[in-house]
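*Asks:* could you look at this predicted model? Sequence included:
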Amino acid sequence: CVGFINGDDERIVKQAKGLKKNISYGFEKNSARVKGKLLGINEYACVSMEVKQKGKKPFSINLSVTGKHNGHNALAAATVVLAMKVPVKKIRQALSSFAGSSKRMQLLKLGGFTVLNDTYNANPDSVLAALATLSSASTYGKKIAVLGLAFKPNTDDMRFAPSIDIVLGLQKGGAIISAF
C-alpha cells in the first residue's frame, strides 16, 4: 500500500507519518518527491505547469481546465501515474486534454462570449476556488452580465447573497458589471 501525500498540506503530512511507504508531491515544499511549478495562467485562467520527479527530467503541461486548484489536482494525478510508470507523453496528453465535468468550472465559448459555468458549486471551498479563478482570469474592461443574483435565504435581502462576492471580485478585476 502506497500513500500519496500532498506535501503542501501540513495536516495531511502529519496524518501520513505512520505510513510505511509514501510518495509526496507539492508546489511549495522542496522536499516533495514530485514537484510542481506554476509556469503561468492564461487569459481564461487555465494553468501551465511543470512537473519534476526527483532524479528525472521535468515536463510541462498546459491544462484546458480552469483554476489554479486544478493545477494541484493535475499534480496529484501525475504523481499517482508516475508511480505506476505511465510514460510522460501519455500523462501530458491525458492531463492537457482533460475537459473537466459539466457545470464545474466549465469554460464555454458561446458566439464570441466566454462563459465560466460553475453552477454546480456545492460547498464553500468550491465557491472560494471559483472566486480565485475569476480573480486570475483576464476581465479588465470586459462587460459582464450576472443573471439571477440570489437573495439571502427566506428574505428579500441581497446584502449577504453569495453572488455579491462574485460581482465584487469581477469589479476588482476591472470588469464592467450589469447585475440582474
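*Replies:* Received, thanks. Numbering: from 1, shown residues only.
*Asks:* need the nearest residue in space to residue 67, chain neighbours excluded.
*Replies:* In this structure, residue 67 finds its nearest non-sequential neighbour in residue 133, 4.1 Å apart by Cβ to Cβ, 6 or more residues apart in numbering. For the C-beta atoms, the positions are set from N, CA and C on the backbone; glycine is no exception.
*Asks:* pretty sure the one you found sits in a helix.
*Replies:* Yes: Residue 133: assigned to a helix according to DSSP: H, G, I helix; E, B strand; the rest coil.
*Asks:* which residues touch it?
*Replies:* 45, 66, 67, 68, 69, 105, 116, 118 (Cβ atoms under 8 Å, 6 or more residues apart in numbering).
*Asks:* distance check, the third one against residue 74.
*Replies:* In other words, residue 67. 10 Å (Cβ to Cβ, to the nearest Å).
*Asks:* same question, the fourth one
*Replies:* Counting by Cβ to Cβ, the gap from residue 68 to residue 74 is 10 Å.
*Asks:* hey, what's in contact with both of these two?
*Replies:* residue 47.
*Asks:* compare these two (neighbour count), which wins?
*Replies:* residue 74 (22 against 18; other Cβ atoms under 10 Å).
*Asks:* assign a three-state SS to the nearest residue to the more buried one once chain neighbours are set aside, would you?
*Replies:* Excluding the flanking residues, the one nearest residue 74 by Cβ to Cβ, 6+ apart is residue 95, at 5.0 Å. With three-state DSSP as the basis, residue 95 sits in helix.
*Asks:* residue 65 is in contact with residue 95, correct?
*Replies:* No: counting by Cβ atoms under 8 Å, residue 95 sits too far from residue 65 to count as a contact (9.1 Å).
*Asks:* quick check: the gap between residue 175 and residue 128.
*Replies:* Computed as Cβ to Cβ, the residue 175 to residue 128 distance reads 19 Å.
*Asks:* what is the burial count for residue 21?
*Replies:* 7.
*Asks:* separation between it and residue 128?
*Replies:* 33 Å.
*Asks:* can you show me the CA trace of the helix or strand harbouring residue 13 as PDB?
*Replies:* Using DSSP states H and E, residue 13 sits within helix 10-15. Provided in PDB are the C-alpha atoms of helix 10-15 (Å, rounded to 0.1, in the frame of the first residue of the first chain):
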ATOM      1  CA  GLU A  10       0.600  20.100   6.900                       C
ATOM      2  CA  ARG A  11      -2.500  18.200   8.200                       C
ATOM      3  CA  ILE A  12      -2.000  15.500   5.600                       C
ATOM      4  CA  VAL A  13       1.700  15.300   6.300                       C
ATOM      5  CA  LYS A  14       1.100  14.800  10.000                       C
ATOM      6  CA  GLN A  15      -1.500  12.100   9.300                       C
END
